[in-house]
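J.: just coords:
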């Protein structure tokens with residue numbers, strides 16, 4: 001049992017000063033004042049007004065590594081545990097991207113299970129950029145129904161020169177499989193869509209909403225802040241019931257940063273629950289010329305989510321307005337009912353921020369992963385400098 005005293009709790013809404021009692025991997029009590037339970041061995045930590053927030057949920061992470069678009073030497077290594085925990089991320093959903101030939105769903109699933117063995121919350125998507133999708137059981141529906149950690153399909157590429165140029169019929173068939181598999185299992189059942197720079201943009205998604213019975217929540221387009229015109233179309237799509245995902249990558253004159261996207265969303269008065277923010281952690285962030293030749297490559301980082309939030313708070317935005325985009329909104333969309341909130345009965349996936357908004361402590365399932373800015377739990381190959 002752990003008793004966190006004098007925490008300034010953001011649940012993600014601001015609750016003010018609270019004591020929080022953790023036991024059995026969950027939050028079991030939350031009140032203005034809690035005494036140490038008599039007769040029990042309890043670790044007590046006085047947070048002295050530091051901010052306690054739900055652990056961030058990164059719904060777009062290349063756990064097995066991404067890249068490879070400019071040859072085998074450009075394959076990004078697998079994400080390590082502390083790259084996530086140091087970023088305040090306590091749940092990550094892994095996926096494949098362009099490369100579903102030298103990387104596989106089996107490899108991705110193994111990475112998620114490996115993180116799970118360390119106590120981290122790791123889920124994954126089936127599929128990749130291409131259609132027909134790469135799967136383990138032979139179908140998207142089968143993977144979601146039969147594989148424990150597979151919760152959705154993605155990232156299927158649209159409006160991108162690297163996509164397999166799926167037809168409308170192919171797209172809605174995939175979406176239908178996701179939707180029905182979600183109904184059968186209680187999992188997310190989403191079609192997570194990589195959006196490229198192509199002029200068709202979100203037209204296939206809008207057509208699916210016009211011509212099929214599929215619910216709008218089934219479609220979850222990401223990277224929608226990569227072009228300013230695409231961002232405007234994404235805002236319109238949200239008004240039709242879809243949740244859209246902004247990526248925390250460096251912005252240029254043609255795009256918006258995730259911070260700019262969050263601020264604009266709030267300023268426009270759009271439905272707050274219909275925006276999520278993810279990192280593309282472990283994935284390559286390429287720049288191509290007009291012929292599709294790679295000019296430059298950066299790598300996504302889970303830390304970028306919190307960095308965008310930190311910058312907005314320094315600019316005067318309220319933390320409680322920003323946190324839902326990477327906590328409760330994601331949990332609701334992906335049907336992770338015990339996550340994304342600080343509440344009695346919720347999982348004890350918690351982050352303590354210092355007064356400078358740095359990640360000071362991290363708990364996952366009520367277990368310490370960071371204490372006083374130091375990672376106290378690492379992956380096997382992070383433990384020694386020789387690796």
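T.: Yes, it's here. Please read these numbers as outputs of a predicted model, since none were measured by experiment.

J.: need the contact list for residue 223.
T.: Counting by Cβ atoms under 8 Å, 6 or more residues apart in numbering, residue 223 touches 194, 195, 196, 245, 246, 247, 280. The way it works is simple: take the backbone N, C-alpha and C, and place the C-beta from them, glycine included.

J.: which ones among those are found in strands?
T.: Counted as lying in strands by DSSP state E, out of the contacts of residue 223, are 194, 195, 245, 246, 247.

J.: contact partners for the residue lying closest to residue 244 once chain neighbours are set aside?
T.: Leaving aside its sequence neighbours, residue 244 sits nearest to residue 234 (Cβ to Cβ, 6 or more residues apart in numbering; 4.4 Å). Residue 234 makes contacts with 202, 221, 224, 225, 244, as judged by Cβ under 8 Å, 6+ apart.

J.: which pair in the ones in strands among the contacts of residue 223 spans the largest distance?
T.: 194 and 246 (13.3 Å; Cβ to Cβ).

J.: between the two, what contacts are shared?
T.: Joint contacts of residue 194 and residue 246 (Cβ under 8 Å, 6+ apart) are 222, 223.

J.: for these two, indicate the residue with more neighbours.
T.: residue 246 (28 against 25; other Cβ atoms under 10 Å).

J.: so who does that one touch?
T.: Contacts for residue 246 were tallied using Cβ under 8 Å, 6+ apart; they are 222-225, 256, 258, 261-262, 275-278, 325.

J.: tell me how far the nearest residue to residue 50 once chain neighbours are set aside lies from residue 200.
T.: Closest residue to residue 50 apart from its sequence neighbours, by Cβ to Cβ, 6+ apart: residue 352 at 5.5 Å. Residue 352 sits 45 Å away from residue 200 when distances are taken as Cβ to Cβ, to the nearest Å.

J.: between the two, which has more neighbouring residues?
T.: Neighbours were counted for residue 352 and for residue 200 using other Cβ under 10 Å; residue 352 has more, 23 against 12.

J.: would you agree the more buried one falls within a strand?
T.: Yes: the assignment for residue 352 by DSSP: H, G, I helix; E, B strand; the rest coil puts it in a strand.

J.: so what's it bridging to?
T.: Note on residue 352: beta-bridge partners by DSSP bridges are residue 52, residue 361.

J.: and it, what does it touch?
T.: Neighbouring residues of residue 352 by Cβ under 8 Å, 6+ apart: 4, 7, 47, 50, 51, 52, 53, 359, 360, 361, 362.

J.: quick one: pLDDT of it?
T.: With respect to pLDDT, residue 352 has a value of 98.

J.: state the distance from it to residue 223.
T.: For residue 352, the distance to residue 223 - Cβ to Cβ - is 31 Å.

J.: residue 162 too?
T.: Residue 162 sits 12 Å away from residue 223 when distances are taken as Cβ to Cβ.

J.: same deal with residue 49?
T.: Taken as Cβ to Cβ, the span from residue 49 to residue 223 is 37 Å.

J.: isn't residue 122 right next to residue 108, touching?
T.: No: assessed by Cβ atoms under 8 Å, residue 122 is found out of contact with residue 108, at 9.8 Å.

J.: quick one: which of these two has more around it?
T.: Between residue 122 and residue 108, counted using other Cβ under 10 Å, residue 108 has the larger neighbour count: 28 against 24.

J.: was I right to think that one contacts residue 124?
T.: Yes: using Cβ under 8 Å, residue 108 makes contact with residue 124 at a distance of 5.2 Å.

J.: overlap in contacts, these two.
T.: By the contact definition Cβ under 8 Å, 6+ apart, residue 108 and residue 124 are jointly contacted by 63, 94, 95.

J.: can you pull out the strands in the stretch 201-350 of the chain?
T.: Here the stretch 201-350 of the chain has its strands, by DSSP state E, counting those that start in this stretch, at 219-222, 244-247, 275-278, 284-288, 294-299, 350-353.

J.: quick check: domain ranges of the protein?
T.: For the chain, automatic domain parsing gives the domain ranges 2-53+341-380, 54-333.

J.: got the end-to-end distance for the last one?
T.: Read that as domain 54-333. End-to-end distance for domain 54-333: 16 Å, by Cα to Cα, to the nearest Å.

J.: average model confidence for it?
T.: Mean pLDDT, domain 54-333: 93.

J.: please list only the buried members of the contacts of residue 246.
T.: Neighbour counting with 16 or more other Cβ atoms under 10 Å marks 222-225, 256, 258, 261-262, 275-278, 325 as buried within the contacts of residue 246.

J.: which one of the domains of the chain is the most hemmed in?
T.: domain 54-333 (a mean of 20; mean count of other Cβ atoms under 10 Å).

J.: now the closest residue to residue 282 other than its chain neighbours. Its backbone dihedrals?
T.: Nearest in space to residue 282, with sequence neighbours left out and distances taken as Cβ to Cβ, 6+ apart, is residue 62 at 3.6 Å. Here is the backbone geometry of residue 62 (degrees, to the nearest 10): phi -90, psi 80.

J.: contacting residues around residue 62?
T.: Counting by Cβ under 8 Å, 6+ apart, residue 62 has contacts 76, 79, 94, 95, 96, 97, 280, 281, 282, 283, 300.

J.: would you check that residue 311 makes contact with residue 260?
T.: No: in this structure residue 311 lies outside contact range of residue 260 using Cβ under 8 Å: 10.0 Å.
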